[in-house]
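> this is a predicted model, with the sequence first.
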Amino acid sequence: MTLLSLPHLTMLAATPPQVVTAAASAGFSAVGLRLIPTMPGEAQHPMIGETQMMRETLSLLSNHGLRVLDIEAIWLKPKTRVRDFVSAIEAAAKLGARSLQVIGNDSDESRLVDRFSELCALAAPYGLNADLEFMRFAEVRTLSHAQRIVEASGASNAGILLDALHFFRCGTALDDLVGLDKTRIHVVQLCDAPLKTPDTFAEMLHEARFDRLLPGKGELPLSKFMAALPADVPLSIEVPLAPQHGISEFGEIARQLKTGADRFLEQLNRSPALQAVREK
């Protein structure tokens, strides 16, 4: 059975305990938690160290039988000091997370490789992968660039994070997945969207953070995308819903995402074309 995770981005106003509670109520088997704010105005939840919120989150995870799939998000910028993330890495390990989400936002590739390699080395003793994500809003904005950074790092725990929206908005071709080392794919973020890319940068940013569509409700060629991936790759259902959708209750957001993902995967698994590809 595919592991489905509820990521924190789908309900940024929620605390980590609220994300876990919503995920459990909807039937998810994992969550992604944002321990490191990435945008101005985001809350810094007290999850670093022996805090009450950390203890509550761990208790809820245990009581509901949920795991933490990944932790958001480490941005590697020109002035980033990787050692500053040691406490967050320790918190991720305490939560039992599998991966750290990493965004490369440094135009100096040599420096970025060094920083990414250092991060991988810090994460490795804790059993954590460092998964580099490419997106239009960062310096690493193509799959080939992400592959180059990961390979240059030489780290066995280095991976590539595939986000369906960024994959297509960055102009990546499905054929580009053919030569990708599938053992480097630890998490896939799944959503849908209109086929047409928004006209402006601001509109693209809004879509990515607030207005994605449930899998199967848009026009992206998700069936072909999924057919090129390992059948057992964990899926993070990253569908933040804009306020105009009229949903504010965290449990209801989670239920809509889980129902939509289940429906999409059921239809996908019945597809003869998908079965033919995976049986090759």
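Received it, and whenever you're ready, just let me know what you need.
> now do the helix ranked longest in the chain, average pLDDT.
Counting residues, the longest helix in the chain under DSSP state H turns out to be helix 250-269. Here helix 250-269 scores 95 as its mean pLDDT.
> quick check: buried residues in it?
For helix 250-269, burial by neighbour count (16 or more other Cβ atoms under 10 Å) applies to F250, I253, A254, R255, Q256, L257, K258, G260, A261, F264, L265, L268. Glycine gets a C-beta too; all of them are placed from N, C-alpha and C.
> so what's the residue nearest the centre of the chain up against?
The central residue of the chain, meaning the one whose C-alpha is nearest the mean C-alpha position (Cα atoms, centre = their mean), is Q189 at 4.9 Å. Taking Cβ atoms under 8 Å, 6 or more residues apart in numbering as the contact definition, Q189 lies against P7, L161, L162, D163, A164, L165, L235, S236, E238.
> could you rerun that using 7 Å?
With contact set as Cβ atoms under 7 Å, 6 or more residues apart in numbering, Q189 has these partners: L162, D163, A164, S236, E238.
> next, the buried residues of the strand or helix carrying L58.
If you go by DSSP states H and E, L58 is part of helix 52-64. When burial is assessed from 16+ other Cβ under 10 Å, helix 52-64 yields the following buried residues: M54, T57, L58, L60, L61, H64.
> average pLDDT for the lengthiest strand in the chain?
As assigned by DSSP state E, the longest strand anywhere in the chain is strand 67-76. On average, the pLDDT along strand 67-76 is 97.
> who does that strand touch, helix- and strand-wise?
In terms of contacts (3 or more Cβ pairs under 7 Å, 6 or more residues apart in numbering; DSSP states H and E), strand 67-76 is packed against strand 30-34, strand 99-104, helix 109-123.
> nearest to A202, out of these?
When the helices and strands packed on strand 67-76 are ranked by proximity to A202, the top entry is strand 99-104, at 18.8 Å, counting by Cβ to Cβ.
> so that closest one versus strand 30-34, what angle?
Using axes from the mean of the first three to the mean of the last three Cα atoms, to 10 degrees, the interaxial angle of strand 99-104 with respect to strand 30-34 works out to 40 degrees.
> can I get strand 99-104 in CSV, CA atoms only?
What follows is strand 99-104, C-alpha atoms only, in CSV (Å, rounded to 0.1, in the frame of the first residue of the first chain):
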residue,chain,number,x,y,z
SER,A,99,14.0,13.2,4.9
LEU,A,100,14.9,16.8,5.0
GLN,A,101,13.5,19.0,2.3
VAL,A,102,16.3,21.2,0.8
ILE,A,103,16.1,24.1,-1.7
GLY,A,104,19.2,25.3,-3.4
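> quick revisit: just checking, which of the contacts of Q189 belong to helices?
For those, the ones inside helices are A164, with DSSP H as the criterion.
> save the contacts of Q189 as TSV, and put in distance to V102, neighbour count and pLDDT too.
Below are the contacts of Q189 laid out as TSV (distance: Cβ to Cβ, whole Å; neighbours: other Cβ atoms under 10 Å; pLDDT from 0 to 100):
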residue	distance to V102	neighbour count	pLDDT
L162	13	26	98
D163	13	22	98
A164	18	23	98
S236	15	29	98
E238	16	24	97
